[in-house]
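Visitor: below are the sequence and a predicted model; questions follow.
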Number of protein chains: 2
Amino acid sequence: MGIVERKERQKESLRQDILDASRDILLAEGYAKLSMRGIAERIEYSPTTIYSYFKNKDEILYHLCEEALERQFEVIHAAGRDEPSPLLRLRAALHAYIDFGLCEPGRYQILYMADISPYVSMASILEKGSPAFKLRELICHRVNEALIGSECARDMESVSQALWAHCHGIVSLLIGRPDFPWVERERLIETGLDIVLNGLVSPKNR
Amino acid sequence: MGIVERKERQKESLRQDILDASRDILLAEGYAKLSMRGIAERIEYSPTTIYSYFKNKDEILYHLCEEALERQFEVIHAAGRDEPSPLLRLRAALHAYIDFGLCEPGRYQILYMADISPYVSMASILEKGSPAFKLRELICHRVNEALIGSECARDMESVSQALWAHCHGIVSLLIGRPDFPWVERERLIETGLDIVLNGLVSPKNR
DNA sequence: CAAGCGTACTTAACGCTGTTAAATCATTTA
DNA sequence: TAAATGATTTAACAGCGTTAAGTACGCTTG
């Protein structure tokens, strides 16, 4: 009697459908348009049905976050992997971070711009072995490589967070304030990376 | 017959009350808690009354933005004004930008983090002579001063925007993701400014 | 002074959001 | 066949921004 198995498969299938629908809406229409009722309409179920598959909207967002972090990790990991210079390897990673945000603004928003911190706790996202943990590790690793090659004595953690913030600033402003009279995108990105990486390896002069 | 005058004064007074109430809520309870119904309750009027004084919520936000920009301008303008070194003058301005955001997160959010770009148009905010315009000018001016003193040939506009983005990244992440295991705040800020300003004036080496 | 007009304000409602409790319906078990 | 279990829906609550309609008051005019 594989009845329970079949039911479990069906349940798992609908659970996946919900996540698929949520992702579709997020990517096609953006974070602002991602609503429980919208998801329900897309899977052709009543809104309340979703609540027997996910505790609430934040739990759905949590799964989309994990997914997005995996993608972001892959993209950044692949960037400049066979680049011999540690500094250029770091630069490629940072550039990939920015490109990811600009190419998939919906995903970027739920990751770093949406107001989900009170609900989806940072602790669970940064669990050891999680995509976020791996991503953090990757950035720190590349920063470390770059620091070793330079004559600078800086704290890897502080530098990593500062570089992350720098890239986030560029992505979030370009996404959030598209009407601002920006200089040409690639020039802004390159100038920013030039400055920040140049400053990382040049001897201090204050 | 100063009746019309008195009425106009009363109308202007209530208009100010609405803005005052909005500012109070924004500063005391944050951007997320700023609602038309909340404002109405505080001024002890029905929510709809507000609509005969302001077109909609965005118009209220617009005025709070102008106000916040004036404050931000003052703070940044005052920072390091009697600092002889152009580079340290720029540094003081950037540090003041970050401090402003961290000290008044509500104001910072409506300025740079909230989803108001489609409604409150950038064009009106950046009008010549407006607080935003003056602020932009101030940053560009200090960047220019710093660039002249260095041997770097960089585009002032690109650099200004990149530095702005850098500071915004730090502020917005610290505000938006307070649970992240950040390094000590001041250390993060100093490291970021070190890197970015060091990179600005050091000769390029790519 | 009374009638009417215009303005200030409120009530009620629409459509949207996330979420919960209760009711229904289908399926499996006894 | 009857009971129980599980899945799903309907109805509702509380909140949001916003609009249309209605009330009530003060001022102007006949």
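Guide: Looks like it arrived, so ask away. Just so it is clear, the model here is predicted, and its values are computed rather than measured.
Visitor: mind listing what's buried in the helix or strand containing A:E59?
Guide: Assigned by DSSP states H and E, A:E59 falls within helix A:57-78. Within helix A:57-78, the residues scored as buried using 16 or more other Cβ atoms under 10 Å in any protein chain shown are A:57, A:60-69, A:72-73, A:75-76. The way it works is simple: take the backbone N, C-alpha and C, and place the C-beta from them, glycine included.
Visitor: pick the one among the residues you listed closest to DNA strand D.
Guide: Closest approach between the buried residues of helix A:57-78 and DNA strand D, by Cβ to the nearest atom of the strand: A:K57, at 13.0 Å.
Visitor: which residues touch the residue lying closest to the closest one once chain neighbours are set aside?
Guide: Take A:K57 and drop its neighbours on the chain: the residue closest to it by Cβ to Cβ, 6 or more residues apart in numbering or on different chains is A:M36, 5.7 Å away. A:M36 sits next to A:47, A:50, A:57 when contact means Cβ atoms under 8 Å, 6 or more residues apart in numbering or on different chains.
Visitor: re the thing from before, state the mean pLDDT of the helix holding A:E59.
Guide: For helix A:57-78, the mean pLDDT works out to 96.
Visitor: which residues does that helix contact?
Guide: A:18-19, A:22-23, A:26, A:36, A:39, A:50, A:54, A:93, A:96-97, A:99-100, A:104, A:107-108, A:110-111, A:114, A:116, A:119-120, A:124-125, A:130-132, A:134-135, A:138-139.
Visitor: just to revisit the earlier point, the buried residues of helix A:57-78 also near DNA strand C: which ones?
Guide: Among these, the residues lying close to DNA strand C (Cβ under 7 Å from any atom of the strand) are A:K57.
Visitor: what helices and strands are in contact with the helix or strand bottoming out on mean pLDDT in chain A?
Guide: One helix or strand of chain A scores below all others by mean pLDDT, DSSP states H and E: helix A:122-125, with a mean of 76. Where contact means 3 or more Cβ pairs under 8 Å, 6 or more residues apart in numbering or on different chains; DSSP states H and E, helix A:122-125 is packed against helix A:57-78.
Visitor: how big is the angle separating the following helix or strand past the least confident helix or strand of chain A from helix A:57-78?
Guide: Sequence order places helix A:131-149 as the next helix or strand after helix A:122-125, per DSSP H and E. Counting by axes from the mean of the first three to the mean of the last three Cα atoms, to 10 degrees, helix A:131-149 lies at 30 degrees to helix A:57-78.
Visitor: if we go by neighbour counts, what in helix A:131-149 is buried?
Guide: For helix A:131-149, by 16+ other Cβ under 10 Å, it's A:131-132, A:134-136, A:138-140, A:142-144, A:146-147.
Visitor: could I get these as a markdown table with pLDDT and distance to DNA strand D?
Guide: Below are those laid out as a markdown table (pLDDT from 0 to 100; distance: Cβ to the nearest atom of the strand, whole Å):
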| residue | pLDDT | distance to DNA strand D |
| --- | --- | --- |
| A:P131 | 93 | 29 |
| A:A132 | 94 | 31 |
| A:K134 | 95 | 34 |
| A:L135 | 96 | 34 |
| A:R136 | 96 | 35 |
| A:L138 | 97 | 39 |
| A:I139 | 97 | 38 |
| A:C140 | 97 | 41 |
| A:R142 | 97 | 43 |
| A:V143 | 97 | 42 |
| A:N144 | 95 | 46 |
| A:A146 | 94 | 46 |
| A:L147 | 92 | 47 |
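Visitor: in those residues, find the pair that's most separated.
Guide: A:P131 and A:L147 (24.4 Å; Cβ to Cβ).
Visitor: which residue packs closest to A:Q161, ignoring adjacent ones?
Guide: Counting by Cβ to Cβ, 6+ apart, the residue nearest A:Q161 is B:L188, at 5.5 Å.
Visitor: fine, thanks again, bye for now.
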